[in-house]
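**Q** Take a look and give me a structure for this.
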Amino acid sequence: MTVLSFLWIAATFDASPTVVPQGGVIRLRSESAAMARMDGRKIRLFAQKEGGSLGLMPVPAGEKPGPHQIELLDQNENPVQALTVTVKDAHFRTQNIIIAKELSELKPSPGESETVAEFRNGVSDVRYWAEPMHAPVAGCLTSPFGVKRLHNGKATGDYHGGIDQRVPAGGPIRAIAGGTVKIVRQYNVHGGTVAIDHGQGFESIYLHMSKFAVAEARRFSKGT
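**A** Below is the predicted model of the structure:
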């Protein structure tokens, strides 16, 4: 058996709803704005085929519950509209992970941390994703998004930024949306890793896989 970890959008909302849970994503639509800003985080809005622009504003799992302001900005970063949303406490539970000493002492492969960080921080212009999205495997969920992590009973101060599913080793893992493969590597900490850019601020990364059936730079549709 192998455990699959991947990151994806937990929830999305149009700008009209006023409540979003911690760890959710706000879908922002505008006819004229080029960017949006919330609590110091800034995202781009992208022109859509159906007209207008769209951007995905992430709400961290550790975001303070309560009202927050979102500013829609023009190309020069001048505010053109202000929105207020309320972040709701998601009441993430705590999960203790038992880690063997040899695993806890693993060091990243050369360039591992830098390559993954560069991927997560990248934003591309072309949109390949479309809704609805589905889990890449039908395996059982062993760890949900947002849980507060303890390692061998000790608090880490961190939360789980993806979800874990248990699936048979060697079984197929499907992309949750169309995109371009950016990383296919075997790493010390992340294990067998595939990272996919779905475009316009949406990415997914699949970890701890037993083998690969895709190459970097390949472009494909959802379910491949």
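**Q** going forward, measure contacts and count neighbours with C-alpha atoms only.
**A** Fine.
**Q** what comes up buried for stretch 175-193?
**A** Within stretch 175-193, the residues scored as buried using 16 or more other C-alpha atoms under 10 Å are 175-187, 189-193.
**Q** any residues touching it, and which ones?
**A** With contact meaning C-alpha atoms under 8 Å, 6 or more residues apart in numbering, stretch 175-193 is reached by 106-109, 112, 119, 128-130, 133-136, 194-199, 205-212, 214-224.
**Q** Filter the residues you listed down to the buried ones and hand me the ChimeraX line.
**A** A single ChimeraX command selects the buried members of these (16+ other C-alpha under 10 Å):
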select :112,119,128,129,135,136,194,195,196,197,198,199,205,206,207,208,209,210,219,220,222
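**Q** Strands - which of the contacts of stretch 175-193 land there?
**A** Secondary structure assignment (DSSP state E) places 194-199, 205-209, 219-220 from the contacts of stretch 175-193 within strands.
**Q** chain center to the lengthiest strand in the chain, what's the gap?
**A** Secondary structure of the chain per DSSP E: the longest strand is strand 79-88. Offset of strand 79-88 from its chain centre (C-alpha atoms, centre = their mean, to the nearest Å): 22 Å.
**Q** starting at the chain centroid, how far to the longest helix seen in the chain?
**A** Longest helix in the chain, counting residues (DSSP state H): helix 112-121. Centroid separation between helix 112-121 and its chain, computed with C-alpha atoms, centre = their mean, is 13 Å.
**Q** Domain boundaries for the chain, per the record?
**A** Per the record, the chain has its domains at 12-88, 100-143+163-220, by automatic domain parsing.
**Q** Would you agree residue 92 falls within a strand?
**A** No: counting by DSSP: H, G, I helix; E, B strand; the rest coil, one finds residue 92 to be coil, located in no strand.
**Q** right, and it touches residue 149 too?
**A** No: using C-alpha atoms under 8 Å as the test, residue 92 is too far from residue 149 to be in contact (10.3 Å).
**Q** tell me, what's touching the two both at once?
**A** Residues touching both residue 92 and residue 149 (C-alpha under 8 Å, 6+ apart): none.
**Q** Next, work out how far apart residue 183 and residue 173 are.
**A** Remark: distance between residue 183 and residue 173 (C-alpha to C-alpha, to the nearest Å) = 15 Å.
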